[in-house]
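Engineer: here is my input; please provide its structure:
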Amino acid sequence: MLEQFGWDSELQQEWNTIKTENGVIGRLITQSRDWSKVMTEKGEWLCTLPGSYHYAPTFDYPAVGDWVGVEQLPGEERGIIRHTIKRSSVFKRNTAGIETKAQVIAANIHFAFLVMSCNEDFNIRRLERYLIAAWDSGSKPIILLTKSDLIDESKRLEMEIEIDQIAFGVPLYFVSNETGENIAAVSSLLQPNLTAALLGSSGVGKSTLVNSLLNTDRMKINTIREDDSKGKHTTTHRELILLPEGGILIDTPGMREFQLWKQENSTGLAESFTDVDQLIFNCRFNDCRHDTEPGCAVKGALSEGTLTQDRYNSYLKLQKELAYVERKENEKVMRQEKDKWKSISKASKQAYKNR
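Structural biologist: Residues are numbered from 1 along each chain as shown. Next up is the predicted model:
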């Protein structure tokens, strides 16, 4: 059964090193605040984290798509998650709000389907953000533009040119659930045991696309609002779905806010801005600030129009955002380390007094 959900010999080897006598392996398929559904070799179980986890976590907080080790509760089809298997890929963002904290959207995915609709939702600057996160995740980004039946050929060509300037070589599909355009093409990407995650804003048609790929009305959807041409947000939790042809799809709630997270050995910014990186490399001076220095390739491209000011401003903004996240995370780690040694010192002094 688990092979249908992507289980393979490499995962088995990983599990062999950590499994316990009562441990059962499974893939997390649905997640809410207090519980998760895990598909195990013994069927679907409702699972929770151990009560001590939030005080002393011993493994990565599990997310939809994760392979987890579960301890079965006696006599019940329920369990406690005890392990998270090492991830092959992980799509993260900085959690919404003012707190600097990583939020895992989906784990162990082969494709990151970056979904925008062809109406007012289309935003090239937001797409740059998604591309950076996709490259950093270790998955392959694929751009899906839904509701293609709402635009004409000239608008479609305009979008293609605009996307090609920021995502050269990234596959792009115009999709329509009304006409069926490229539904089969997207479905063909999801071969057996391959996993994709649908990622995008609210109301872009992700759940409708799931229904089209399933050829059923499994996912609840609502119609487009006439006042702003946006669909009503309906998906409220992340869910892993097995497709009829054997592929695996993770549907996610719409993300109204998408702040980047700086992952270890991050290459997403460089992958998404290869044009800007190449210009910087070609500057006469290695420490060029791209201001008044002679021989600056960036300034030259801006004046010639081969690099737009909007594109360059976006690069600088995202670069600063990632640097800020990295600095805050480093400060957090240093603070935690300081608190740990402070507690150890306090405990040692107390033990000495009690001798």
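Engineer: contacts and neighbour counts: CA atoms only from here.
Structural biologist: Noted.
Engineer: now do I124 against L172, distance only.
Structural biologist: From I124 over to L172 the distance is 14 Å, taken as Cα to Cα, to the nearest Å.
Engineer: list the strands paired with the lengthiest strand in the chain, with their directions.
Structural biologist: When the chain is parsed with DSSP state E, its longest strand is strand 23-31. Take DSSP bridges as the rule and strand 23-31 pairs in its sheet with strand 36-40 (antiparallel), strand 67-72 (antiparallel), strand 238-242 (antiparallel).
Engineer: how about these in JSON lines, adding mean pLDDT?
Structural biologist: Listed next are the strands paired with strand 23-31 as JSON lines, based on pLDDT from 0 to 100:
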{"stretch": "strand 36-40", "mean pLDDT": "95"}
{"stretch": "strand 67-72", "mean pLDDT": "94"}
{"stretch": "strand 238-242", "mean pLDDT": "93"}
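Engineer: of these, which is nearest T146?
Structural biologist: Proximity to T146 (Cα to Cα) singles out strand 238-242 among these, at 19.8 Å.
Engineer: other residues contacting the closest one?
Structural biologist: Applying Cα atoms under 8 Å, 6 or more residues apart in numbering, the contact partners of strand 238-242 are 4-5, 28-32, 64-65, 248-253.
Engineer: likewise for stretch 118-135?
Structural biologist: Here stretch 118-135 makes contact (Cα under 8 Å, 6+ apart) with 91-93, 112, 114, 116, 140-141, 145-148, 150-151, 162-163, 166-167, 201, 204, 228-230, 258-261, 267-269, 271-272, 314, 318.
Engineer: emit the ChimeraX select command for whichever of those are buried.
Structural biologist: A single ChimeraX command selects the buried members of the contacts of stretch 118-135 (16 or more other Cα atoms under 10 Å):
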select :91,92,93,112,114,116,140,141,145,146,147,148,163,166,167,201,204,230,258,259,260,261,267,268,269,271,272,314,318
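Engineer: of the contacts of stretch 118-135, which belong to helices?
Structural biologist: Of the contacts of stretch 118-135, the ones assigned to helices by DSSP state H are E162, I163, I166, G268, L269, E271, S272, S314, L318.
Engineer: possible to save the strands paired with strand 23-31 as a markdown table with mean neighbour count?
Structural biologist: Formatted as a markdown table, the strands paired with strand 23-31 follow (neighbours: other Cα atoms under 10 Å):
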| stretch | mean neighbour count |
| --- | --- |
| strand 36-40 | 23 |
| strand 67-72 | 24 |
| strand 238-242 | 20 |
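Engineer: right, so of these, which gets closest to N193?
Structural biologist: strand 238-242 (9.3 Å).
Engineer: ok, what's across the strand from the residue nearest the centre of the chain?
Structural biologist: Closest to where the C-alpha atoms of the chain average out (Cα atoms, centre = their mean) is F91, at 2.7 Å. Taking DSSP bridges as the rule, F91 bridges to A106.
Engineer: what's near enough to touch it?
Structural biologist: F91 is in contact with V104, I105, A106, A107, A133, A134, D136, S137, G138, counting by Cα under 8 Å, 6+ apart.
Engineer: switch to 10 Å and redo it
Structural biologist: By Cα atoms under 10 Å, 6 or more residues apart in numbering, F91 lies in contact with 102-109, 112, 130, 133-139, 197, 199, 261, 263.
Engineer: again with C283
Structural biologist: Residues near C283 by Cα under 10 Å, 6+ apart: R289, H290, E293, P294, G295, C296, A297, V298, K299, G300.
Engineer: tell me where the stretch 151-300 of the chain has strands.
Structural biologist: In the stretch 151-300 of the chain, the strands defined using DSSP state E, counting those that start in this stretch lie at 172-174, 195-200, 238-242, 248-251.
Engineer: including distance to D277, could the strands paired with strand 23-31 go into a markdown table?
Structural biologist: Converted to a markdown table, the strands paired with strand 23-31 look like this (distance: least, Cα to Cα, whole Å):
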| stretch | distance to D277 |
| --- | --- |
| strand 36-40 | 42 |
| strand 67-72 | 36 |
| strand 238-242 | 35 |
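Engineer: for S188, find the nearest of the ones you listed.
Structural biologist: Nearest to S188 among the strands paired with strand 23-31 is strand 238-242 (14.0 Å), distances taken as Cα to Cα.
Engineer: ok but S303 is inside a strand, no?
Structural biologist: No: with DSSP: H, G, I helix; E, B strand; the rest coil as the criterion, S303 is helix rather than part of a strand.
Engineer: what about it, neighbour count?
Structural biologist: Residues within reach of S303, counting by other Cα atoms under 10 Å, total 12.
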